[in-house]
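[1] What would the 3D arrangement of this be:
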Amino acid sequence: MIDVRQTLRGFVLEQFLDGAAPDQLADDTSLERAQIVDSARMMELILFLEETFSLQVENEEALPENFDTIDRLVAYVERKLGRG
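    Here you go, the predicted structure:
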């Protein structure tokens, strides 16, 4: 079974933080307020979620409540996968 947290953290660190060390990103850091994710990167993140976890992100689900931190992303993906 794929490790959702590790997969999401790895993607954000590699794609958005130029391969920064894992301790450079706390799981509760606001990706928007820290200027890690903007609208273009949000689309990239959504495509990654859909392709990696074989799920469909609905427009109304692309909200800070689901996408603003690694913790929220993990909870969202696990809900979509029926794990949470």
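[2] surely Ala20 meets Val12?
    No - taking CB atoms under 8 Å as the definition, Ala20 is not a contact partner of Val12, at 9.1 Å. All C-beta spots, glycine's among them, are computed from the backbone N, C-alpha and C.
[3] Out of those two, name the residue with the larger neighbour count.
    Per other CB atoms under 10 Å, whichever of Ala20 and Val12 has more neighbours is Val12, with 21 against 13.
[4] pretty sure that one contacts Ile36?
    Yes - using CB under 8 Å, Val12 makes contact with Ile36 at a distance of 6.8 Å.
[5] Look up the residues that both of those two are in contact with.
    Leu25 (CB atoms under 8 Å, 6 or more residues apart in numbering).
[6] tell me which element Gly10 is part of?
    Using DSSP states H and E, Gly10 sits in helix 4-11.
[7] Sweet, I'm off.
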